[in-house]
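[1] Would you be able to build a 3D model of this:
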Amino acid sequence: MECRIENMYDLNETIAAGLFEDAVYPWEVLGAISSYIIELGNTLDSEKYEKRGENIWVAKSAKVAPTAWLNGPLIIDEEAEIRHCAFIRGSAIVGRGCVVGNSTELKNVVLFNSVQVPHYNYVGDSILGYKSHMGAGSITSNVKSDKTLVAVKDGSEQIETGLKKFGAMLGDHVEVGCNSVLNPGSVIGRNTNIYPLSMVRGVIPPNSIYKNKNEIAVKQDWM
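    The predicted model follows:
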């Protein structure tokens, strides 16, 4: 199944590679992010990272706007940029070279290196792969309207996750168009583009272009 960790992520592109070691599917680590941050944070090199409060570690090379709000547990890796009025609620790992933009909110997430969530994004209970990008106003919806547990649906196959809160799993190099909504349990394969104003649900194949649920094209470069 394309949802497996090895099919979606390059674990060399995150400080949190150890978090995924015993998991098969990426959403299995959502409940362990907070404790992993505390464990990892206490091992970080004090020459490169400074502690800015309880269970908050920020790389000295990162840029954090004075108006940004940081809650722990939290690790902000080297060369990351946290912009004006960003709100990090906690249980977040922000990878090397990431951009967290104005009015963007993060909660219980792993952002691999070079992820960009630069404008008015909500990312909760989600994992964003290397160099993935969410366009302005695009969000992850992490709780179903009926509050039932989230299942990952791939055609006729369904995986019960046992999770009430589960946003989206974005593979490496995923592009999400502006003002799109990724519904609970969305899994987007590597190198896939999502059209602006999309409402996404279920598993979207890698190397594809999502126009709507009935129109998903294979990228010509990958045929």
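
[2] If you count neighbours, what's buried in stretch 147-156?
    For stretch 147-156, burial by neighbour count (16 or more other C-beta atoms under 10 Å) applies to 150-152. Bear in mind the C-beta positions are built from the backbone N, C-alpha and C, glycine included.

[3] looking at the sheet around the closest residue to F166 other than its chain neighbours, what are its partners?
    With C-beta to C-beta, 6 or more residues apart in numbering as the criterion, F166 has its nearest non-adjacent residue at 4.1 Å, and that residue is V150. Beta-bridge partners for V150, by DSSP bridges, are L163.

[4] Pull up the gap between V150 and L197, please.
    The gap separating V150 from L197 is 23 Å, by C-beta to C-beta, to the nearest Å.

[5] now do V152
    Look at V152 and L197: by C-beta to C-beta, they are 23 Å apart.

[6] which residues does M8 contact?
    Taking C-beta atoms under 8 Å, 6 or more residues apart in numbering as the criterion, M8 is in contact with 2, 26, 129, 169, 171-172, 187, 189-190, 206.

[7] In what element of secondary structure is T43 found?
    Following DSSP states H and E, there is no helix or strand that holds T43.

[8] Neighbours of it, how many?
    Neighbourhood size, T43 [other C-beta atoms under 10 Å]: 8.

[9] and what of the one 3 residues further on?
    The local packing count at S46 equals 9, with neighbours defined by other C-beta under 10 Å.
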